[in-house]
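Engineer: predicted structure and sequence below. I'll ask about it afterward.
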Amino acid sequence: MTTELLVKELVEKNGKSRNSLMPILQGIVQKEHFLSEEAMLSVAKELDLSAADVYGTASFYTFLDTVPRGKNIVRVCKTITCHMKGKDDIINAIMNQLKIKVGETTHDKKYTLLTANCLGWCHKGPVMLVNDDIYPELTPAKAVEIIQSYGKE
Amino acid sequence: METKLKKVDIIFEDDKTSPITILEKTIKRSADEIILDLIDSGLKGRGGAGFPTGLKWKFTRNEDSDVKYVICNADEGEPGTFKDREILDRVPEKIFTGMAICGYVIGAKEGYIYLRGEYNFLLKTLQSKLNKFNGELKQKNIDFAIYLRSGSGAYVCGEESALFESMEGKRGEPRNKPPYPTVAGYNSKPTVINNVETLVYTTMICHMGPEQFKALGTNDSRGSKVFSVSGDTPIAGIYELELGMPLNQFVDEFGDGDTKAVQVGGASGHCVPRKKFNDTIIGFEGIPTGGSMMIFNSTRSMYNVLHDYLEFFTEECCGQCTPCRVGCQQLLKGIEAVKRGERSPSYLDDLKNLTTTMKIAAKCGLGQSVGNPFNSIIDNFREEIIY
Amino acid sequence: MNKYLVNLKVNNMPVSVEEGTTILDAARKLNLRIPTLCNHPDLTVAGNCRVCVVEVKGARVLAASCAAPVSEGMEVFTNSEKVRIARKHIVELLLSEHNADCTKCFKNGHCELQDLASEYRIGDHVFLDLVNQEYKMQDISSPSVVKDDSKCIRCQRCVRTCHELQGISALAVTNKGDHQRIATFLNKPLNDVVCSNCGQCINRCPTGALTEHNYIEEVWKAIYDPSKFVVVQTAPATRIALGEDLGLPVGERVTGRMVSALKKLGFSKVLDTDFTADLTILEEGTELLTRLKKALVDKDDSVVLPMMTSCSPGWIKFQEHMYPELLDNLSTCKSPQQMFGALAKTYYADKINIKAQDMIVVSIMPCVAKKFECERTEMRDSGYQDVDFVLTTRELAMMIKQAGIDFNKIGEEQYDSILGESTGAAVIFGATGGVMEAALRTAYEIVTGREVPFTNLNIQPVRGMEGIKEASIKIKNVKPEWSFLEGVDLNVAIAHGLANARALMEKVKSGEANYHFIEVMGCPGGCIGGGGQPIPTSPEIRKLRTDAIYSEDANMPLRKSHENPEVVEVYKNFLGEPLGHKSHDLLHTHYKPRKRY
C-alpha cells in the first residue's frame, strides 16, 4: 500500500480532527516503522495542518521516529536499574551481533538498535522492547537469541 | 516506633464480587454520598502528587458543563515504577469500574485510558476486556463508555495537562495552571484525571466502605499503596503495603543486607542514606511516593545514579520552560565538570542554588522536582560525586 | 458582560482590577515593570520563559505573572529575594545556551535578552556554556529572513506569530528536552518551505535569532561607486515609522527629514514609491473596471472575480503556497516597488540620460518580503533586475546613524522629480484599507464623474483594525460609458495579517461571500506593521502609526491618484494608457503555484 493510501485509510478510521493526529501517526509508524517526509506531508494535507506542525508534534515523541528505521526496532532500557543489572552487556552483545552502533540501522534494514528511557520493568532488568514485544530478565545470550528469532520471520 | 510494615491485599484481592456488581451497587447511591465516602476515606492520588481524590471529583462535579471527561493516567513512566502495568494487566476491570463510578459522580459520559507507548503489548487484551466491559455498561443502560489512547514515548505526558495536550494531538507540553483540569482539562472541558491505582482504590472503597481503608495508614497518609521494589533486593517486585512505615523496616524486609541508600519516589524522588533510614516515614508526612523504591547497596556509585537521573530528565523534559530545559542540562554537565576536575567542588553548591530556582520557577512538577534527587544525593554522597 | 473587580496588593500597594486580569497587568497598573520575554501583546500567553515570575504569598512556587490571573486578597511581591535570585538564574540560564557574542550580532543594542543581562549586571558566567555549535550555522537561504538558532531562547514568539497572526506555521517547536528547537519542516532551509517572508517573526523575536537579510554594506558600496547612479525610493509607511528607530516618538511623521537624510547619505536621487502607488491605482482601478465590464456585460467566463490586490509580496507568496487555485484572482499589477524599478530603469533612465546598467535602484521598505520580491525572476522587465537592493526601515535608520546624521536637527527636503510626486491616496497604501480607499477615490470618480460620497474623501468603512472589513458602495448616476454599473452595489473586503487573509479566502472559496474587490496586506495593520518596521510592535503602536498615515494624507494638496501630475505625464509621454501595451510589458506580471506543504 502506498503511504498516501495508508494515510487516507488511517484518517478515515480515526477522523480528521487534530485529536486524531497521534493515532494516525502511530498507525503509520506501525506499518512503515518511521514517519517519512511523504507520510508527514500527507497527514498535513489530510488534517489541514502545516507540515512543520506535524513534524514538530511527531518529533516530540520518542516512538514517532522521523528518520528511517529498520523493520525491527530494538530498544534497550538504559535507566538506572537496568543499568545496574547490566544493560551495557546487552547492548554490546547486540551491537556485536548486528554489527551496528546504538542509533544505527543494519544495511538490510532489518534492525535498528536504540536505547530507551525507563520501560517499566525495573524489577526484571535488563529489559528490551523489540517493536511492541517486551523481553525482561535478559542475558547477553538470551538477547542475541531473541534478536535472531526476528530475523527468521 | 510502633508502626510495623504491613502487607495488604486490596488492589489485587481476588474478591468474589465482580467489579460490575460493585458499580451497580455504587450507582444506586447518590453522587454526593460517594464523594463523602471518598473524602472520609482520606484517599489521596497515588500517582505521586497526592491530591485528595474525593475533592477532585467534587470540584469536577460542581462544574457546569454538558461535556466532562474521566481520564485514567496510565502513562506510568517514573523510573523505578511499574505497579500500574501490573494493575492494568491483572485487574483492569477494577480500573474500568472506578472510571465508570467517577463518570456517574461527575456527570461524564466518556472515559479514556492513556496508556504509555512502552506498554503497547497490553493493548490487545486490554481492548478486548474493555469491549466486554463497555458492552456490559450498555446492556445495563449505564451511559458511559471507555476508550483507549496510546502514548508514544514521552515521560512528561504523565503530567496531567501534558497528557491532555497529547490526547489533543499536540506536543506534550504542560499547560499554565490555573485553570486546573477540574475546570478545563481534556478538550478544555472539566476533567477528572486519576492514576491507575487511585481508580482501583475508589472502586474498592465504594465496595468495602471507607472505614476499612481509613483504618490503615496514618493521619496524613490513609490506606495502603502499591510499591514497586527494585534494585539491590533479592525480592524485587510489586507489594501492597500500609502507608506510614518507617524506612528501616522496609529495608529490613527488602534489602540485601548491604543497603546504603534507597531512592524513594523514583528519579524525581528523594535519596535516603542508611543513616536516615530510622527516622524516615514513607507517606505524605515523610517522603511521599508514587510507589517507587529503588534500593542501592554499597557497590553502587551514587555519581552514576545521579548521572542517570539527570540524563533522564535532560532528555525527557518537554523543553519549553527555561529553568527546566536549561537547568537540567546545567546540572548534568555540571556534575560531569566537577568529576573531571574542571570545576571546583564548590560549584556543586551553585548547582544546588539553581535547583532552588528550578523548584519554584519551573512550569510543571517535572522541573520542580529535579532538585529532589540532586540535593539528596549531593548532600549525602558528596564525596562520591567529586572523586 | 460585567466583570467583577478583584482587590489585591502588589508590593504592598492595593490595586483593583477586573477578574481575569493577569498579575503582570495588575502590576503594570501600578507602574511596576516586571520583565518579560515570551510575552507579547499580539500573542497568546505562553508562560514558558519564566522571567516574569513573582512571589504570591502562601504559594508553594512562584507564579508566572504573564499567565497567572489575580485573585481576591492576593498578595504579590515582584522583587522579593526569592524572585530576584530566580529571575537572575533564569537570565543566566538563557545566556548559557545563547550565543552571546553580542558585538557581532545584528541585533546588538536592540536585544531584549541583552537588556535584561545588562539590567541584572550578569557578569562572570556562573554556568557552563551550552551553545550548540551546530546551531551556529545560520540559515541564510531566504533573501528576506535569516535564522540563527544559536541565538534562539525558545520563547516561541515566532512560532505563535506564524501560527496565530499569519495562519501559516512555517516554524514550529520540534523535538523535546535538550534537543528542543524552533524549526521548519524537517529543518529545511527557509527558502524551501511555506514561509511567506513577511518577517513578522523578526518583529517579535526578542534576540538575534530571526533578523532580516541585511544589505547595508552592498548599498554603501553602490553609493561609493562613482560609476553607479544610485536612486532610492521610499515606501509610504517608512515616513511615519523611521523616527522610532532614531529616538523620536511613535507616530511622528518624518517625511521631509527622511528625504533630507537620504540625500546626505549620498543617493543620487531621492524618489518616492508613492508615485508608483498612484500609478498602481490607475492600472489596478482600470483592471478592476475592465474585469467588471467583461463579467457583467460581455459575460466572459474567463474573467475571475473578486479581484485581489497584489501590492504585498508576503501576501502574494502566501497565496502562491496556500491558494494556488485563486492566483487568477490576483491583480496582474506589480507592486508599487516593482513598478518603480521597471520605470526607473526605462522611462526615467532615458529622461535623465543614464544607462540602465549604470543605475542602481534601492528601496526603503517597511517590509522584508520585498527583498524576496525584487529577486523574483519575473521582476526583470527593464532588462536588468528592476530593483537591486531592498532595505528595511530599520536598516535605513542604521545607515543614518552610521553616517553621523543628527536626525532630530536635520532640515526637511523635498523628493526629487520626476518619480517623486505623489498624492494622499498613495500614502494611505501604508495602512490596511488604504489601497481600497485610494482605488475607490479614483474608480468612483472615473465611473460617475463625481468624488466619492464621503466627507473629506475619507472612506471610513474601509479604515480601522478589524481583521476583516467589509463594505458596499452603491454606484449611481454613472457616466454613459459605464451604464452597466448603474445601481450596482460594489462589494469590497479588506484583510490584514495572513491569518485573516486565510479566513477571507475560505469565505471566497466557499462562495459564501460575493465580493468584487479584495484588498489584502500580509502584515497586521498593513505596511505600517510591516516586517521591516521598527521594533517593538503592538496594537497601540500600529494605531499611532496609522493615525500618522491618515494625517499625512489629510495634509497632502492632492488626494486622488489620477490627479498626480507626474502620473498623467507618464501616461502621456510614455505608457499611453492604463493596461496599454507598455504597461503590460513593464507594470504587470504573473504568479506561480508553490508547494503548500
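Structural biologist: Okay, I see it.
Engineer: look up the pLDDT of the closest residue to residue B:301 other than its chain neighbours for me, please.
Structural biologist: Closest residue to residue B:301 in three dimensions, ignoring its sequence neighbours and counting by CB to CB, 6 or more residues apart in numbering or on different chains: residue B:384, at 6.2 Å. Where you see a C-beta, it was placed from the backbone N, CA and C, and this is true even at glycine. We have a pLDDT of 96 for residue B:384.
Engineer: assess the claim that residue C:147 and residue C:139 are in contact.
Structural biologist: Yes: contact criterion CB atoms under 8 Å: residue C:147 and residue C:139 qualify, at 4.2 Å.
Engineer: looking at the two, which is more packed in?
Structural biologist: Each of residue C:147 and residue C:139 has its neighbours counted (other CB atoms under 10 Å in any protein chain shown); residue C:147 has more, 26 against 18.
Engineer: can you tell me how far the more buried one sits from chain A?
Structural biologist: Taking CB to the nearest CB, to the nearest Å as the measure, residue C:147 falls 13 Å from chain A.
Engineer: pLDDT value on the nearest residue to residue B:44 once chain neighbours are set aside, please?
Structural biologist: What sits nearest to residue B:44 in space, not counting adjacent residues and going by CB to CB, 6+ apart, is residue B:50, at 4.2 Å. Among the per-residue scores, residue B:50 shows a pLDDT of 89.
Engineer: and what of residue C:2?
Structural biologist: In the predicted model, residue C:2 carries a pLDDT score of 64.
Engineer: can you name the residue of the stretch 201-350 of chain B nearest chain C?
Structural biologist: When distances are taken as CB to the nearest CB, the stretch 201-350 of chain B reaches nearest to chain C at residue B:319, 2.8 Å away.
Engineer: tell me the contacts of that residue?
Structural biologist: B:325, C:154, C:173, C:175, C:176, C:177, C:178, C:179, C:180 (CB atoms under 8 Å, 6 or more residues apart in numbering or on different chains).
Engineer: what residues are up against the residue nearest to residue B:44?
Structural biologist: Residue B:50 is in contact with B:44, B:284, B:288, counting by CB under 8 Å, 6+ apart.
Engineer: which of those tops the neighbour count?
Structural biologist: When neighbours are counted by other CB under 10 Å, residue B:44 leads the contacts of residue B:50 with 26 neighbours.
Engineer: thinking again about what came up before, burial check on the residue nearest to residue B:301, number of neighbours?
Structural biologist: Using other CB under 10 Å, the number of residues around residue B:384 comes to 17.
Engineer: which residues touch it?
Structural biologist: For residue B:384, the contacting residues are B:301, B:302, B:303, by CB under 8 Å, 6+ apart.
Engineer: kindly report the same for residue B:298.
Structural biologist: With contact taken as CB under 8 Å, 6+ apart, residue B:298 is in contact with B:258, B:260.
Engineer: please report how far residue C:186 lies from chain B.
Structural biologist: To chain B, residue C:186 is 16 Å away according to CB to the nearest CB.
Engineer: oops, could you answer that again for residue C:501 instead?
Structural biologist: From residue C:501 over to chain B the distance is 25 Å, taken as CB to the nearest CB.
Engineer: secondary structure class for residue B:194?
Structural biologist: For residue B:194, the reduced secondary structure class is strand; criterion used: DSSP: H, G, I helix; E, B strand; the rest coil.
Engineer: residue contacts, it?
Structural biologist: Residue B:194 neighbours (CB under 8 Å, 6+ apart): B:45, B:47, B:53, B:56, B:70, B:71, B:72, B:73, B:98, B:102, B:202.
Engineer: ok, and the most crowded of those residues?
Structural biologist: With neighbours set by other CB under 10 Å, the maximum within these is found at residue B:102, which has 32 neighbours.
Engineer: per-residue confidence for the residue sitting furthest away from the middle of chain A?
Structural biologist: In chain A, the residue that sits farthest from the middle, by CA atoms, centre = their mean, is residue A:48; the gap is 26.1 Å. In the predicted model, residue A:48 carries a pLDDT score of 95.
Engineer: give me the nearest residue to it, chain neighbours excluded.
Structural biologist: Among residues not flanking residue A:48 along the chain, residue A:16 sits closest, at 7.7 Å (CB to CB, 6+ apart).
Engineer: could you pull out the strands for the stretch 1-150 of chain C?
Structural biologist: For the stretch 1-150 of chain C, applying DSSP state E, counting those that start in this stretch gives strands covering C:5-10, C:13-18, C:53-56, C:63-64, C:75-77, C:145-147.
Engineer: do the same with chain B
Structural biologist: In chain B, strands defined by DSSP state E lie at B:69-74, B:110-115, B:145-150, B:191-195, B:224-231, B:237-242, B:259-264, B:270-273, B:292-297, listed in chain order.
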